[in-house]
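Visitor: Have a look at this prediction, sequence included:
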Amino acid sequence: MANFSIGLTGLNVAQKAIEIVGTNITNASTEGYHRQDIRVSPLPLGLNGGGGAEITEYRRHIDQLLVMELLRQRPQQTQIDQEISTLRALEAALGNIDDFGLGTEIGNFFNSLSELAGQPNSQAHMEQAAWAGESMASGFRNIAKFISELQTSIGRQAEGTITEINKLLETIAEYNSKIHDSSATGGNTNMLEDHRDTEIAKLSELMEVRATTSGDYGMVNIEAWGMPLVTTTSTNLLETSTLEDNKIGISPAGANYFYTDLSGGKMGGLMNLRNNILSTIQEKFDTLAQNVIDTVNQIHVQGVNAQGPFSELTGWENSSDVFSEWTDSVSAGDVFIRVTNTSTGAVTRSNVITIDPDTHTIQDVANALDSVANLNASINSGKLQIYADNGYKFDFLPAISTSPDSSTITGTAEPAFTGVYSGSVNQTYTFTVAGTGDVSNSTDLYVQVTDGDGNMVANLNVGEGYPAGDPLEIEHGIFMSINPGSLNDGDTFTLDALASSDDSGVIAALGINTFFEGNDADSIKVATRIISNPSLIAASIGPELTDSRNLQRMADLADTAQSELGSKNPNDYFRQLLTGIGQDLSAKVSREQALRTVREQLLNQRDYASGVDVNEEAAKLLMFEHMFQAVSKFISTQQQIFKELMTLI
């Protein structure tokens, strides 16, 4: 009977071996399947019979080092794929640098101001400038909306990804339990382990994963970002939330401690996009939009339109906090205002307030303006309102006075000033008479001009040879003339030349006579009153109110480097921003290609170590088929011998 048991063990081995070969061939193209084979050991021969063979191991061909490296590489691949996809969409939305898009709209706006400066009385050019500004503002808003929609979409994707991650964690824990139970009863767990490893591979596409064997019946533990997520058959699930700073964070469920700077996998890509890449791009667009708003407005508020000075102006609603607490647009500086007597034409300029952003509020500005003669100011619903008494008007023109701002002249000659100051900083010029005598007649009669730093900028001959009343150039577009009369040595007079009547930026920040409204890319728009009536564009800053210098100053911003823009002008800043996105995208594509090459090499190595060669399996099938036939013949022979023995007996 022992010979029969030997044969039966052989049949059992051959049958199981054929089953394993069949399984291998069937799963030759199954993703995540690892080739299996059996280890066959002989059964010992004893005094009382025995012998034969038995299967002592169902082996799964797997290279754990390759598996670990693939788990390390896969999250990098999927993260960068996610980032590339989003950046490509953003790049397409921004448009081409030269042909269309926001960069073109910025250029068109400043060009329209320059064209209007050439024809300041053209209603068509006024409308063109207003609508070019609104078209540019719309471009900013569209980009801001697109980025916001991307961020919202990323938030939804993050929620869905966390749900998917939690399902995979629970599935892995369930497979751990099945593997434990099967292993404990001596079952073949290879297919279960393949299924579990496939789930781990899926998990590694969503997040950074580290899988370690627990040492207990083939179960594994899963750790991600330093957090234990699967411990044998138990799980620690995750949750995501949008935090106050608009970042998305991940926390162990119920812990309420959110991590915002995690990398790896689709989830890492979503977090990096939302928390770093897109927020940085959005911040740069907001910086550009705010710079355009501030620089244009700070010039616009100083000018007047064809209707001349104002009877009243109202700003937009603002915070009552000190300026440094709610805006970066206000800096330390002086505010000047002019009040004109409409009956006599007399103009009085006042240095209203020297702004300190750390201490001053909108109320301080209102109080200072209200203290100016024939001027009233108050705060109504957070808005600064300025209005003049009857018979008076006001403006913020930096126009030079036609007569000295102060004088100690003891002679009879009267100086006068013309021109538009083109200097870059506010300046007080002091004029000192050198010599005594009559204008145009006396020899050695000069007026020496010094700037606020005491530097002599001109030495003007007003004596013999000077045609009384003719303008003499000082500098930066300012001219002085002196009518006939006497001058005495040492007499002085001064002139305030303003590059800006508000170098603090506070009047623009409070929304008084601005071209734009808003404070970022999402809120920028041309002021409603200008869109409704483009003739309100403040074109002039000269004392005669007939020039277009203010328009040209705004147009010149197109080529003016701004410190807030990294010493670049608006268009160059936009180009750098767009180019930066393209360069970042190109670098990521190159990185993705390198990662893909490495991964393909690893997969090839894995296939070599764990894949199924159908030709090799066919050879094994033939071998085990012959084995089965031979063992069957052995059993048949034993049966025939047994029959013959029984016949003999």
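Guide: Thanks, I have the structure now.

Visitor: which residues in the stretch 401-550 of the chain form helices?
Guide: 506-509, 528-532, 549-555 (DSSP state H, counting those that start in this stretch).

Visitor: Could you provide these in CSV, with additional columns for distance to residue 419, mean pLDDT and mean neighbour count?
Guide: No exception for glycine: its C-beta is placed from N, CA and C like everyone else's. Formatted as CSV, these follow (distance: least, C-beta to C-beta, whole Å; pLDDT from 0 to 100; neighbours: other C-beta atoms under 10 Å):
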stretch, distance to residue 419, mean pLDDT, mean neighbour count
helix 506-509, 24, 96, 28
helix 528-532, 28, 95, 14
helix 549-555, 10, 94, 25
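
Visitor: Let me have these in TSV, adding distance to residue 152 as columns.
Guide: What follows is the helices of the stretch 401-550 of the chain, written out as TSV (distance: least, C-beta to C-beta, whole Å):
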stretch	distance to residue 152
helix 506-509	30
helix 528-532	28
helix 549-555	35
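
Visitor: Those helices: which one's closest to residue 349?
Guide: Closest to residue 349 of the helices of the stretch 401-550 of the chain, according to C-beta to C-beta: helix 506-509, at 14.6 Å.

Visitor: Does anything pack onto that closest one? Which helices or strands?
Guide: helix 278-300, strand 333-341 (3 or more C-beta pairs under 8 Å, 6 or more residues apart in numbering; DSSP states H and E).

Visitor: mind listing what's buried in whatever helix or strand comes next after the shortest one?
Guide: Toward the C-terminal end, the helix or strand that comes next after strand 333-341 (DSSP states H and E) is strand 347-355. Of the residues in strand 347-355, those scored as buried under the neighbour-count criterion (16 or more other C-beta atoms under 10 Å) are 347-350, 352-353, 355.

Visitor: Give me the most central residue, the protein.
Guide: residue 281 (1.9 Å; C-alpha atoms, centre = their mean).

Visitor: residues contacting it?
Guide: Contacts for residue 281 (C-beta atoms under 8 Å, 6 or more residues apart in numbering) come out as 90, 147, 577, 581.

Visitor: What of residue 237?
Guide: Contacts of residue 237 were listed using C-beta under 8 Å, 6+ apart, and they are 166, 169-170, 229, 252-253.

Visitor: closest to residue 594 out of the helices of the stretch 401-550 of the chain?
Guide: Comparing these by C-beta to C-beta, helix 549-555 comes nearest, at 47.2 Å.

Visitor: same for that closest one, what does it pack against?
Guide: Checking 3+ C-beta pairs under 8 Å, 6+ apart, helix 549-555 ends up next to helix 102-118, helix 278-300.

Visitor: highest average neighbour count across the helices and strands packed on helix 506-509?
Guide: helix 278-300 (a mean of 21; mean count of other C-beta atoms under 10 Å).

Visitor: Next secondary structure after that one?
Guide: strand 312-314.

Visitor: buried stuff in the helix or strand just after that next one?
Guide: On the C-terminal side of strand 312-314, the nearest following helix or strand under DSSP H and E is helix 323-326. Within helix 323-326, the residues that count as buried by 16+ other C-beta under 10 Å are 323, 326.

Visitor: And stretch 187-203, by the same measure?
Guide: Neighbour counts over stretch 187-203 (16+ other C-beta under 10 Å) mark 188-203 as buried.

Visitor: likewise stretch 514-534?
Guide: For stretch 514-534, by 16+ other C-beta under 10 Å, it's 514-527, 530, 534.

Visitor: How is the chain partitioned into domains?
Guide: The record's domain split for the chain, according to automatic domain parsing, is 2-61+612-648, 406-497.

Visitor: Just say which of those domains is most tucked in.
Guide: domain 406-497 (a mean of 17).

Visitor: Please name the residues that touch residue 528.
Guide: residue 517.

Visitor: cool, residue 446 as well?
Guide: Applying C-beta under 8 Å, 6+ apart, the residues near residue 446 are 433-435, 459-463.

Visitor: What values do phi and psi take at residue 302?
Guide: phi -90, psi -10 (degrees, to the nearest 10).
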